[in-house]
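Enquirer: Quick check, what structure comes out for this input:
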Amino acid sequence: MSFPFSGCLGLFLLASVVPVVGQDVIYLKTGESVACRLDALTDKIVSFSLLARAGTAGGSARQTISADRVDRIEFDFAEGEAGFFEKRHEATAEQLKGWWDLTFAHLHRPRSRAAAYGIAFANAMLREQPEPGAERALAIFDRVIARAWAAEDIALAKEGRLRALMANGDLETATAEAQVLARETEDPGLLIEVNYLLALADGEKLKALETEHPRWEEDDEVRPDRNELFHRTVDRFLWPHLFHATREEVAARGLFAAAELYAYAGESEPARDRWNDLIKLYPDSSFAAQAAAKLESIPSSTEPTDEPP
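Expert: As a prediction, the model looks like this:
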């Protein structure tokens with residue numbers, strides 16, 4: 001295999017194409033690769049040092065090439081980073097901020113971890129402080145959507161954007177974008193999440209409508225709108241259970257949310273039925289214990305009472 005460098009340096013590169021622990025790897029468009037330490041990286045140049053392999057004599061040699069010759073770069077993990085990256089979804093916003101700040105300049109580069117850090121960072125802000133963190137999270141999701149190289153990261157960022165919009169109180173925009181995304185995607189996992197977010201948005205609209213019209217049951221104009229919202233929300237919550245039952249966690253989440261909506265509406269028996277279904281069908285889900293606790297708090301209408309007939 002020939003390498004596109006000249007002289008002794010070319011021979012040194014040829015001897016270093018096998019990646020070694022603790023090095024970045026540059027993949028050229030010719031199909032060749034080189035293990036190295038990246039020193040500088042821009043959209044125009046890639047500067048790197050070739051380090052002597054363990055147990056061999058020699059120092060390092062530095063080389064700069066044009067960025068348009070590079071297909072992709074596999075960035076090595078910093079010390080302690082690999083374990084953190086694996087569990088980034090559990091990390092705090094404060095822990096993730098530094099990694100996002102360090103990597104976001106490489107967001108558009110193939111195989112960069114920047115998008116993964118950005119999505120995890122934005123999700124952590126929404127998880128920890130939904131309202132104050134919504135604007136910042138929305139900006140990060142938008143940056144990932146605009147610049148990330150991987151379609152999977154872009155899809156996750158679009159889902160995150162919907163949650164950020166909802167946390168920011170912009171249900172109208174969130175609903176409109178979720179409907180578009182639901183029509184465009186063929187990914188069942190993403191479609192489940194989009195339908196769940198649409199259900200949450202409809203649930204908020206339902207509660208707002210009932211607050212504005214407390215006597216909605218007696219209003220012939222409002223009642224049909226309320227009932228249509230209610231049943232559409234329930235159907236969306238139950239969609240994973242009905243059509244993707246093997247995805248146990250999200251199916252259980254939907255059953256739990258549907259039961260909560262029934263309970264909110266004062267329909268105790270349908271709520272109990274959904275919680276019972278959850279416990280029976282998805283006993284290993286994280287929602288099973290919550291469903292059991294809910295069942296204890298809502299008595300069945302068929303249970304005997306101490307009141308005289």
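
Enquirer: Surely residue 197 touches residue 162?
Expert: Yes. Contact criterion C-beta atoms under 8 Å: residue 197 and residue 162 qualify, at 4.9 Å. Just so you know, the C-beta spots here come from the backbone N, C-alpha and C atoms, and that holds for glycine as well.

Enquirer: list residues touching both of these two?
Expert: Both residue 197 and residue 162 are contacted by 174, 178, under the criterion C-beta atoms under 8 Å, 6 or more residues apart in numbering.

Enquirer: any idea of the mean pLDDT for stretch 162-180?
Expert: Across stretch 162-180, the average pLDDT comes to 91.

Enquirer: Need the CA coordinates for the lengthiest strand in the chain. PDB is fine.
Expert: Of all segments of type strand in the chain, defined using DSSP state E, the longest is strand 33-41. Output of strand 33-41 as PDB, limited to C-alpha atoms (Å, rounded to 0.1, in the frame of the first residue of the first chain):
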ATOM      1  CA  SER A  33      -5.700   5.600   7.600                       C
ATOM      2  CA  VAL A  34      -3.100   6.800  10.100                       C
ATOM      3  CA  ALA A  35      -3.000   6.700  13.900                       C
ATOM      4  CA  CYS A  36      -1.800   9.900  15.400                       C
ATOM      5  CA  ARG A  37      -2.300  12.700  17.900                       C
ATOM      6  CA  LEU A  38      -4.300  15.600  16.500                       C
ATOM      7  CA  ASP A  39      -2.700  19.000  17.100                       C
ATOM      8  CA  ALA A  40      -4.900  21.300  15.100                       C
ATOM      9  CA  LEU A  41      -8.100  20.900  13.100                       C
END
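
Enquirer: Mind listing what's buried along the lengthiest helix in the chain?
Expert: With DSSP state H applied, the helix covering the greatest number of residues in the chain is identified as helix 188-212. Along helix 188-212, these residues count as buried under the neighbour rule (16 or more other C-beta atoms under 10 Å): 190-206, 210.
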